[in-house]
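1. return a 3D structure for these sequence lines:
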Amino acid sequence: MRAPSPTQQRVKVGVIGLAAIILLIAIASAIIGGASRETPIVTAGAAQPDVVANMAVADNDTKSAEPMAELGVAPPTTNTVAAKPK
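-> The predicted structure is shown next:
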């Protein structure tokens, strides 16, 4: 038996490396795919998607000129100081 040439050895190492990468990608895909098919865990006190969606629809009914002020991000531009009693 004769020793493999350096070119043959490099090709063999490259093919083995490529096969290892493809195997790792397949394993990761199987793990991620299995995790995405699981049903979400319902915990006490967690946000419920249907309730949150209904709240968002209800909030869209009232249009505001200052949405940032409603969120508390920016101060309101209207004068909110109450009139002084006489």
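2. could you point out which element follows the lowest-mean-pLDDT helix or strand in the chain?
-> Ranking every helix and strand in the chain by mean pLDDT, DSSP states H and E puts helix 49-59 at the bottom, with a mean of 59. Using DSSP states H and E, the next helix or strand after helix 49-59 towards the C-terminus is helix 67-71.
3. for that next one, packing partners?
-> Helices and strands touching helix 67-71, as assessed by 3 or more CB pairs under 8 Å, 6 or more residues apart in numbering; DSSP states H and E, are absent. Any C-beta I mention is one placed from the backbone N, CA and C, and that applies to glycine too.
4. tell me where the chain has strands.
-> In order along the chain, the chain carries no strands (DSSP state E).
5. OK, contacts around Thr7?
-> By CB atoms under 8 Å, 6 or more residues apart in numbering, no residues touch Thr7.
6. let me fix that: Gly45
-> Under the criterion of CB under 8 Å, 6+ apart, Gly45 has no neighbours.
7. ok, now how distant is it from Pro4?
-> The gap separating Gly45 from Pro4 is 64 Å, by CB to CB, to the nearest Å.
8. quick one: low-confidence parts of this protein?
-> 1, 40, 42, 47-64, 79-86 (pLDDT under 70).
9. try it again at 80.
-> 1-4, 34-67, 69-70, 76-86 (pLDDT under 80).
10. just give me the longest helix of it.
-> helix 6-36 (DSSP state H).
11. burial count for Glu70?
-> 13 (other CB atoms under 10 Å).
12. ok, Ala74 touching Met68?
-> Yes. At 4.1 Å, Ala74 counts as touching Met68 under the criterion of CB atoms under 8 Å.
13. separation between Ile19 and Ile25?
-> To be clear, residue 19 is Ala; Ile isn't right here. Distance of Ala19 to Ile25, computed by CB to CB: 11 Å.
14. Lys12 too?
-> From Lys12 to Ile25 the distance is 21 Å (CB to CB).
15. go on, Arg2?
-> 36 Å.
16. no further questions, thank you.
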